[in-house]
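Asker: Build me a model:
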Amino acid sequence: MTYWQAIILGIVQGITEFLPISSSGHLVITPFLLGWSIPEHYIFPFDVLVQMGTLLAVIIYFWKYLMRIVIAVIGGLIEKKPFGTQDAKLGWLIVLSTIPAVLGGLFLKDQVEAAFQSVQITAIFLLITALLLWISEKYSTQVKNMENISTLDAFIIGCFQVLAIFPGLSRSGTTIAGGILRKLKREEAAKFSFLMSIPVMLGAGVLSINDLYKMPDLSQFLPILLVGFITSAVVGFASIHWLLKFLNKHKLSVFSLYCVGISLITLFIYYLTT
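Answerer: Numbering: from 1, shown residues only. Presented below is the predicted three-dimensional model:
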């Protein structure tokens, strides 16, 4: 992997992590469409760890809000009233929403890594992302804010996040769709999606450290990873800001159409060249 490839993939990661079009899917498809031959032992560790850049972006963007939640949770534990405030309750709902994805990641790790090697499977999963986005817009009434999220809402949205451990199934897309189907407004569903991504991405990054240590050329790989990390963080911050404004006035239809388009193009090229 070259520095130029790390920059391109960092930009792709920063844009697609928060837009509901699957960052993992694009990290598989982009090298294929550009004709890059990246060694397999680079792909999964890079794809997981470059997400740490977008993790940094979402932490910085929601820093004040996150600190409020953390302080409320700690204060609630000290006062033995864990759900005493709205912020404390939201903190525990975020924890609850991450449990399904954590369990899915632990039990499906081998299948996920295998899927990262398949452009065909990734393209098909993008069609499922498109379908989820379309269904959520067509069959849901969007009336609720984050403050109205129930325990059941959080758990169901968390179950949607399990799907996103596979490339092509957008994490933000599935969780935003899940939130909308639970009657959250688009922008509110996106905010909750971004907040619940923090523990999941952090956990995935920590687990991937073991894969890094196993790499025979780790010292050469780290500078390239750093370039991808910084690039994805900067682009990711801008992507969050843009999407929240976009969803305040627009539907998810454009992203659904994009997922269908890029999937069909990828499948066409795949079958044409194999």
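Asker: need the helices for this protein, in chain order.
Answerer: Assigned by DSSP state H, the chain shows helices spanning 3-16, 23-33, 40-61, 63-78, 86-107, 109-115, 119-138, 151-163, 171-181, 186-213, 218-247, 253-273.
Asker: buried residues in the longest one?
Answerer: Translated: helix 218-247. 221, 224-237, 239-240, 243-244, 246-247 (16 or more other C-beta atoms under 10 Å). (C-beta placed from N, C-alpha, C; glycine too.)
Asker: Specify the angle between it and helix 171-181 in degrees.
Answerer: Angle of helix 218-247 versus helix 171-181, following axes from the mean of the first three to the mean of the last three C-alpha atoms, to 10 degrees, is 30 degrees.
Asker: What's the mean pLDDT across helix 218-247?
Answerer: If you average the pLDDT over helix 218-247, you get 89.
Asker: Out of the helices of the chain, flag the one nearest Asn145.
Answerer: In terms of C-beta to C-beta, the element of these nearest to Asn145 is helix 186-213, at 5.1 Å.
Asker: average pLDDT across that closest one?
Answerer: Helix 186-213 comes out at a mean pLDDT of 83.
Asker: If I take that helix and helix 40-61, what angle do their directions form?
Answerer: 140 degrees.
Asker: buried sites along helix 186-213?
Answerer: 186-201, 204-205, 208.
Asker: Over to stretch 59-67?
Answerer: Ile59, Tyr61, Phe62, Leu66.
Asker: Then stretch 49-56?
Answerer: Of the residues in stretch 49-56, those buried (16+ other C-beta under 10 Å) are Leu49, Val50, Gln51, Met52, Gly53, Thr54, Leu55, Leu56.
Asker: Now find how far off-centre it is within its chain.
Answerer: How far stretch 49-56 lies from its chain's middle: 10 Å, per C-alpha atoms, centre = their mean, to the nearest Å.
Asker: OK, contacts around Cys159?
Answerer: Listed by C-beta atoms under 8 Å, 6 or more residues apart in numbering, the contact partners of Cys159 are Pro100, Gly178.
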